[in-house]
Every structure is written in structure tokens, then in C-alpha cells.
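Student: need the 3D shape of this:
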Amino acid sequence: FFFKKKTAYEMQRGLVGSEMCIRDRYQRRVHGEINNMNVPAKMFESLEVNGDIPLPRFGHTITAISKHKVIMFGGATGDTGKYSMTGDTYMFNVMKRCWIKLNAQGILPSPRAAHASTAVEAMQMVVYGGATGGGSLASDDLYLLDLRQGEEQAQWIIVPVVGPTPGRRYGHVITFCMPYLLVFGGNTGSDAVNDVWFLSVEKAPFSWTKITCASEAPPVRVYHSAAQCLSGSAAGMMVTFGGRTSDQSALNDSWGLRRHRDGSWDWIKAPYKPGSIIPLARYQHSVMFINSVMVVIGGRTNQVTKIVPFEVYDTETSEWFTYPPIKRFRHACWSIEGLIYIHRGFEQDSPNIPTSTIVTVDSTKLFKLHDALMPKDKEKEETKTGAKVAMNNTAQAARVNFGSHSASNNRTVATPMIPQEEEKVFRLSNQAHVAASFNVEDPESDLANFVRKVSIAHLQEESKKLGTGKAKIPVAPLPKNPKDPLYSMFLNNLLKPQEFAAGFPGTAFVFRKEHVIELAKECQAVLETQPIVVKLRTPVKVFGNLHGNYQDLMRFFDHWKAPTENALGGDID
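Tutor: Here you go, the predicted structure:
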């Protein structure tokens with residue numbers, strides 16, 4: 001879409017001239033399609049569970065932290081206006097259908113509802129914001145729940161953050177688009193907002209940054225929902241749908257947020273295919289992605305009796321599809337391998353008493369009702385890899401069918417969020433980035449800028465693929481300035497990420513022998529004064545090479561910047 005097309009809503013409104021008439025026509029169309037739809041049996045099922053079953057609640061969050069485990073936190077319990085906030089933490093084992101109440105240690109978040117949560121790494125999740133009751137809002141602390149040592153040793157931690165924060169708010173969203181945590185919208189206690197903040201889990205000390213976009217931004221909203229697109233041309237983007245704006249009216253627009261390689265961000269308003277169904281405006285709903293398809297579940301409008309259908313949006317074709325309704329709002333959802341779980345919240349038939357049931361929806365059976373939604377072979381393979389597909393974006397240019405112009409997906413790097421205070425806790429990434437300067441299978445190929453991601457488990461195999469560089473460097477021995485420290489001569493001539501080029505084997509070395517020996521002795525003296533075990537601040541990047549190829553190290557530094565020791569943001573102690 002290289003120009004803005006009118007939506008079907010805009011086209012119909014211009015022809016009919018009456019918004020109420022449009023809404024009536026829409027409702028009749030939805031009613032007709034739902035009533036005529038041949039829904040497969042057992043598509044919607046109630047799930048029987050066991051264990052420490054939590055009380056019925058609403059305004060809570062459920063976060064998938066592994067393939068078969070999810071965490072429920074917070075929410076409000078009670079009925080008919082006599083509600084109380086909770087700070088409970090429960091884990092649900094999907095395979096065993098069993099709830100366990102976690103007795104987490106550390107600094108626990110205060111009881112709250114209308115907060116937001118997201119997973120950041122396997123067995124880790126964060127919680128931000130929310131309302132605590134009586135018109136009060138939760139603090140602006142970012143809480144991390146760490147379960148990597150098992151549920152018996154679950155621990156809540158306040159992530160140390162410097163500088164400004166998104167502030168107190170409720171009804172917002174938080175999404176992890178690796179390596180960035182994104183907070184969007186919500187209500188600050190006095191006004192609905194549309195600001196976006198990001199926090200990089202790669203850079204310590206952690207800090208929030210408010211995003212400034214030159215493009216059109218979504219209207220202010222609260223009680224919207226958002227998720228990361230997992231595949232297709234919009235892969236890696238945070239996509240938000242619906243919500244309630246400042247005049248209390250419900251919204252039905254979709255927006256995608258993307259980051260460019262130059263570090264800038266912009267919003268893209270999703271086009272709706274002319275002539276297709278227009279989604280119902282709603283808030284207090286849930287959104288998730290199955291491959292490239294956005295699934296919108298439940299919610300409510302300003303009219304209590306209005307039917308709120310189950311709807312999906314195909315980001316590849318910009319087309320909406322409607323299914324029979326699941327009458328829930330202020331609920332929580334998650335999905336595993338295409339099976340959608342809808343937990344608690346209110347049912348439209350009893351909007352004052354939270355329900356105690358969990359409903360499952362088989363998206364595969366659901367999508368079979370529309371051939372356009374059936375995944376291709378490639379997308380089926382992407383389903384197996386789940387969110388990893390979205391996170392493994394490279395710097396290749398990608399045509400974004402989601403907006404009005406093309407864009408390049410941002411390269412991202414997986415880095416765990418580890419609290420600085422917990423020095424005893426650390427984790428190695430399960431992937432490494434490999435830079436190759438020579439391909440033994442194709443000696444004539446030019447791989448000077450080739451960097452790719454490989455699994456740690458297959459890293460040893462890279463020894464068969466890497467070799468020496470081919471470029472030449474000057475061979476005249478370098479003189480040493482007696483006024484400068486010895487290491488300065490090496491750093492000034494070697495720490496050149498964009499300029500350094502290795503020489504052929506057998507070419508003359510650029511440094512004098514006596515200088516190299518002297519530097520080695522100075523390094524040895526430093527090492528002898530330091531402890532055997534060195535404590536490092538996290539997060540840490542580990543750069544290694546199977547052949548000691550210095551040119552590869554410079555290529556890494558060119559990608560992720562070289563270490564510095566200046567007083568402003570330096571990372572060398």
C-alpha cells in the first residue's frame with residue numbers, strides 16, 4: 001500500500017451518510033454471517049483444571065513463560081462492586097492442567113489490576129503499572145519474576161532503572177520486541193495517553209526512552225490490546241488494536257510500531273481491505289498472533305447488549321474475518337501451538353460477577369472456515385518455532401504490506417534481563433553471532449560483511465567454515481611515541497572497527513617485536529594483581545573466535561560498537 005486507501009467504513013459512510021445506519025447494517029451483516037456459519041463441533045470447549053485453583057477474577061494478566069507453563073498475576077476478585085485487588089502469583093502447567101500458587105520471594109509487586117505483563121526470556125516475565133483501588137495507581141517500578149531456578153525458588157525483583165519512566169498508568173500494554181520492552185498508551189490517572197516508551201534489555205544501566213515519531217500516531221487510548229506479529233511482512237512489529245479513547249468511545253483501528261536500522265521509530269496504520277468486514281470497535285479485549293494472523297478475542301462496547309464477535313485480521317491481505325462471539329471482557333488469554341486459552345474475566349450475560357471457567361479455541365479448526373487463513377507450508381513451519389521466528393529478524397529489507405511504504409526490519413539480539421544486584425545469577429545466551437571472512441567451500445566468495453546467528457550447540461561446526469582474511473595492510477613497523485602509554489599505540493592502530501583489514505599469512509607484522517613483548521609483560525603484571533574470578537556487571541557480551549581472527553572481532557565491534565572508557569557512558573572499568 002503506497003497510498004492511503006479509503007476503508008470500507010469510510011466508503012459506506014459516504015454513500016449512506018448516517019453513522020447509525022452503518023452500525024445497524026454492520027450488526028445485521030455480522031448476525032447473518034455468524035448464524036449461517038457452520039462451526040465445527042468442539043471448537044469452543046471448557047477446560048477442566050486441578051490444583052490450587054485461583055479465585056475468579058478480572059483485570060489480571062497471564063504470561064506464557066515456556067511452551068507449557070504460564071504465570072497469572074494480580075487482578076481483582078469479588079462480585080457486584082465489592083471487589084478487592086490481589087497480588088497473587090500462580091503458575092499453570094498446561095500439560096497437567098494443574099495450578100500451583102507460587103510463594104515467590106524478593107520484593108513483591110503490590111496488589112493491582114489493569115496492569116500489563118510480558119515474557120522477556122524463558123522463565124522470566126515483567127509486570128508494569130496498574131491500578132491499586134480507590135483511585136490510586138501502582139508505582140512506576142518495573143518488576144521482574146525470575147523462575148529459572150524453578151518454581152520453588154521463584155523471585156520477584158525490581159529492575160534497577162535510571163532516568164525518567166513512563167510513569168504511573170493503567171489500561172496500557174507492554175510488549176517485548178527483542179531486545180526492547182515497549183509500553184504504549186493507557187491512562188495516567190487523569191488522562192488517556194498515546195505515548196510510547198522503550199527499554200533495551202541489552203544496555204545497563206537500564207533506562208526508559210520516550211519514542212518520538214515523525215509519522216502519524218494512534219489516537220489516545222486505554223484498555224486496548226497489543227501483541228508482536230510472529231511472521232509475514234509485519235514480523236517483529238508491535239501491533240495494537242482497539243481501546244477506548246478520551247471521549248469514552250470505543251475504537252476499531254489497528255496500528256503497527258516498527259524500528260528502523262538507524263534507530264528511528266514510526267507508526268503504520270493498518271489498511272482494511274475495501275469491501276471486507278470492518279471490525280467492531282471495542283475495549284477490554286485481548287489480542288494475539290497465530291502466524292501472521294491477528295486474533296481479537298472478546299471485549300465490550302459502549303452498548304452492553306451489543307454482540308462482540310470473535311474476529312481475526314490477516315496482515316498479509318488486510319482482510320477481516322468474523323466468527324461466533326466469545327462473550328468475555330477484562331479476561332486474559334494465551335496460546336500454545338494454535339490452541340487459544342481464554343481465562344476468567346466477565347461474561348456479557350453476568351457483567352458484575354467474574355466467571356470461573358477457562359475456554360479453549362482451536363484456531364486451526366476455526367481458520368479452516370476461511371481458505372484465505374489456512375497457513376502455507378512455510379507458515380506451518382513457522383508455527384513450530386513460535387515467537388523465535390519474529391525475534392530472528394535480520395537486517396534484510398522487507399516489504400511491509402502493513403503500511404504505506406517499505407521498511408527494513410531491525411536486527412535484534414537476544415540478551416537476558418538480569419538484575420545488577422544479583423551477581424551470583426547469570427545466563428549464557430543460547431545463540432551466538434558468527435562473522436566469517438573466508439569460506440573454504442567457495443574461496444572466491446566475498447563474505448567480508450557476513451554475520452549470522454547460530455545455535456551454541458552448533459557453534460563447534462563453524463570451525464570447518466571459517467578461515468583467514470584476504471585484505472592487505474601496511475607492513476611498515478610503527479614507531480612508538482615515548483610520551484604515550486604503550487597500549488595506546490596498539491589501540492590507536494588496531495581498534496578500528498570500520499577500517500581494519502587483516503593481511504595475508506606471511507606478510508610482515510606491523511608492530512615491533514620488542515613492543516609486543518613489553519605489552520605482554522605489562523598485561524601479565526596486571527593479571528597477577530587481580531583475583532582469579534573477576535566479577536562483571538550484567539548484561540555482558542562475550543566475543544570469541546575459533547581461529548583468533550582479529551578481523552572478525554572488529555566486524556562485531558562495527559555491528560555493536562567498540563568498548564570505550566570515557567566518563568560518559570563508557571563500559572570499561
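
Student: show the contacting residues for His285.
Tutor: Counting by C-beta atoms under 8 Å, 6 or more residues apart in numbering, His285 touches 225, 241-242, 296-300, 308, 329. For glycine as for every other residue, the C-beta is placed from the backbone atoms N, C-alpha and C.

Student: where does pLDDT dip in the stretch 301-450 of the chain?
Tutor: Scanning the stretch 301-450 of the chain for pLDDT under 70 picks out the ranges 375-450.

Student: go again using 50 as the cut-off
Tutor: Low-confidence segments of the stretch 301-450 of the chain (pLDDT under 50): 377-428, 437-450.

Student: on that earlier part again, just send the contacts of His285 back as TSV, with neighbour count and distance to Ser318 too.
Tutor: Compiled in TSV, the contacts of His285 are given as follows (neighbours: other C-beta atoms under 10 Å; distance: C-beta to C-beta, whole Å):
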residue	neighbour count	distance to Ser318
Ser225	24	19
Phe241	26	13
Gly242	25	17
Val296	24	15
Ile297	25	20
Gly298	26	23
Gly299	33	21
Arg300	22	25
Val308	25	22
Phe329	23	26
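
Student: and these, which is closest to Trp255?
Tutor: Minimum distance to Trp255 across the contacts of His285 is 8.0 Å, recorded for Phe241 (C-beta to C-beta).

Student: read off the pLDDT value for the closest one.
Tutor: Note for Phe241: predicted pLDDT of 98.

Student: cool, and Ala154?
Tutor: Among the per-residue scores, Ala154 holds a pLDDT of 96.

Student: isn't it up against Ala104?
Tutor: Yes: using C-beta atoms under 8 Å as the test, Ala154 is close enough to Ala104 to be in contact (4.1 Å).

Student: what residues are shared contacts of those two?
Tutor: Residues touching both Ala154 and Ala104 (C-beta under 8 Å, 6+ apart) are 89, 145.

Student: and the helix or strand hosting Leu145, what does it pack against?
Tutor: Element membership of Leu145, judged by DSSP states H and E, is strand 142-146. Applying 3 or more C-beta pairs under 8 Å, 6 or more residues apart in numbering; DSSP states H and E, one finds that strand 142-146 makes contact with strand 124-128, strand 155-158.

Student: give the next helix or strand downstream of the first one.
Tutor: Same thing as strand 124-128. The helix or strand immediately downstream of strand 124-128 is strand 131-133, counting by DSSP H and E.

Student: after that next one, which helix or strand is next?
Tutor: Next helix or strand after strand 131-133 toward the C-terminus (DSSP H and E): strand 136-137.

Student: partners of that next one in the sheet?
Tutor: Paired neighbours of strand 136-137 in the sheet (DSSP bridges): strand 131-133 (antiparallel).

Student: rewinding a little: so what strands line up beside the strand holding Leu145?
Tutor: Using DSSP bridges, strand 142-146 pairs in its sheet with strand 124-128 (antiparallel), strand 155-158 (antiparallel).

Student: okay, the helices and strands packed on strand 142-146, which one's buried deepest?
Tutor: Greatest average neighbour count among the helices and strands packed on strand 142-146 goes to strand 124-128 (a mean of 24), per mean count of other C-beta atoms under 10 Å.

Student: the helices in the chain, which residues?
Tutor: Listed in chain order, the helices of the chain (DSSP state H) span 8-16, 19-36, 363-367, 377-385, 387-391, 486-494, 513-528, 550-560.

Student: lowest mean pLDDT across those, which one is that?
Tutor: helix 8-16 (a mean of 33).

Student: quick one: Asn302 and Ser356, what's the gap?
Tutor: 27 Å (C-beta to C-beta, to the nearest Å).

Student: if you could redo that for Lys273, that was the one I meant.
Tutor: Separation of Lys273 from Ser356 (C-beta to C-beta) stands at 39 Å.

Student: neighbour-wise, which of these two wins?
Tutor: Taking other C-beta atoms under 10 Å, Lys273 and Ser356 do not tie; Lys273 has more neighbours (16 against 11).

Student: which ones are touching the more buried one?
Tutor: Contacts for Lys273 (C-beta under 8 Å, 6+ apart) come out as 8, 317-320.

Student: burial of the spatially closest residue to Met72 that is not a sequence neighbour, as a residue count?
Tutor: Leaving aside its chain neighbours, Met72 sits nearest to Tyr90 (4.5 Å; criterion: C-beta to C-beta, 6 or more residues apart in numbering). Here the number of neighbours of Tyr90 (other C-beta under 10 Å) works out to 18.

Student: what does Lys535 give?
Tutor: Each residue near Lys535 was counted by other C-beta under 10 Å, and the total is 8.

Student: so what's Ile326 up against?
Tutor: Contacts for Ile326 (C-beta under 8 Å, 6+ apart) come out as 44, 297-298, 310, 342, 359, 361.

Student: widest-spaced pair of these?
Tutor: Across these, no pair lies farther apart than Phe44 and Gly298, at 12.3 Å, counting by C-beta to C-beta.

Student: in JSON lines: the helices and strands packed on strand 142-146, plus distance to Ser136.
Tutor: Below are the helices and strands packed on strand 142-146 laid out as JSON lines (distance: least, C-beta to C-beta, whole Å):
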{"stretch": "strand 124-128", "distance to Ser136": "16"}
{"stretch": "strand 155-158", "distance to Ser136": "19"}
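
Student: in this structure Pro351 contacts Lys327, no?
Tutor: No: using C-beta under 8 Å, Pro351 makes no contact with Lys327, being 9.6 Å away.
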